[in-house]
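> Next comes the sequence, and after it the predicted model I'd like to discuss.
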Amino acid sequence: MMNKIYPRKGDTQTVYLNAVVKDPSIEVGDYTIYNDFISDPRQFEQNNVLYHYPINHERLIIGKFCSIACGVKFLFNCANHTLKSLSTYTFPLFYEDWELEKSNVASAWDNKGDIVIGNDVWIGLEAVILAGVKIGDGAIIGTRAVVTKDVPPYSIVCGIPAKVIRKRYSPDIIEQLLSLRWWDWTKDRIKRNLPFIMAGNIENMTE
């Protein structure tokens, strides 16, 4: 858990996300940042994690060193009106009016599971991530993309619905990066290797 909210002195638009998130069903790794130049970024839970109600016991899991741009939305299962019904109207949600069992309220929507974001993921401006999606380490989500399916590690996706446009690196380098898991290193080790990380020089990364 980060000990401070703002990574940069005098910048209140960017926060270390796990310093401001209080909901135990939202897990955020160290150094992950959220930037918001429209609303208070400390209100991430209220403004960006939508249709996330306790009845589903669903989780939002975000890894370390992720960069989340302004207006990104995580859209959870209660937004998914069930397709099993002949009607898209959420009758079970209004059980009192329709004399239905309160215990069946969750049948009003389709439950697709948790949203899981890997490490070192960059999510662009106003992108939308739907329930049940898993995004691999090192992926990039383009501006205003709507992510409806899983995203492989180190892939760049754009569009509505989001599709892979290319991989960031060759399969060999992706395999090396997934094996190295530099985001799990100590801060001192990351500091020693920053020149190589920032230069894209995987060959010279050291213990």
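On my side now, so go ahead.

> going forward, measure contacts between C-alpha atoms and count neighbours the same way
Will do.

> Give me the longest helix you can find in this protein.
helix 187-199 (DSSP state H).

> buried residues in that helix?
Residues of helix 187-199 classed as buried by neighbour count (16 or more other C-alpha atoms under 10 Å): 190, 193, 196, 197.

> There's contact between the third one and residue 205 in this structure, I believe.
Yes - with contact defined as C-alpha atoms under 8 Å, residue 196 reaches residue 205; the gap is 6.1 Å.

> re earlier: can you lay out the buried residues of helix 187-199 as JSON lines showing distance to residue 19 and pLDDT?
Shown next, in JSON lines, are the buried residues of helix 187-199 (distance: C-alpha to C-alpha, whole Å; pLDDT from 0 to 100):
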{"residue": "190", "distance to residue 19": "21", "pLDDT": "96"}
{"residue": "193", "distance to residue 19": "26", "pLDDT": "95"}
{"residue": "196", "distance to residue 19": "29", "pLDDT": "95"}
{"residue": "197", "distance to residue 19": "25", "pLDDT": "96"}
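
> Give me the most central residue, the protein.
Against the mean C-alpha coordinate of the chain, by C-alpha atoms, centre = their mean, the closest residue is residue 117 at 4.4 Å.

> and it, what is it in contact with?
With contact taken as C-alpha atoms under 8 Å, 6 or more residues apart in numbering, residue 117 is in contact with 60, 61, 62, 63, 134, 135, 136, 137.

> follow-up on the earlier one: name the helices or strands packed onto the longest helix of the chain?
Using 3 or more C-alpha pairs under 8 Å, 6 or more residues apart in numbering; DSSP states H and E as the contact definition, helix 187-199 packs against no other helix or strand.

> what does it rub up against?
Applying C-alpha under 8 Å, 6+ apart, the contact partners of helix 187-199 are 182, 183, 202, 204, 205, 206, 207.

> Can you pull the phi and psi angles for the fifth one?
The phi/psi pair for residue 205 (degrees, to the nearest 10) reads phi -70, psi 140.

> re the thing from before, restricting to C-alpha, output the longest helix of the chain in CSV.
Provided in CSV are the C-alpha atoms of helix 187-199 (Å, rounded to 0.1, in the frame of the first residue of the first chain):
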residue,chain,number,x,y,z
LYS,A,187,12.4,-0.7,-5.5
ASP,A,188,16.2,-0.6,-5.3
ARG,A,189,16.5,-3.3,-8.1
ILE,A,190,14.1,-1.4,-10.3
LYS,A,191,16.1,1.8,-9.7
ARG,A,192,19.3,0.1,-10.8
ASN,A,193,17.6,-1.1,-13.9
LEU,A,194,15.7,2.0,-14.8
PRO,A,195,18.1,3.1,-17.6
PHE,A,196,17.6,-0.3,-19.3
ILE,A,197,13.8,-0.4,-18.7
MET,A,198,13.3,3.1,-20.1
ALA,A,199,15.6,2.5,-23.1
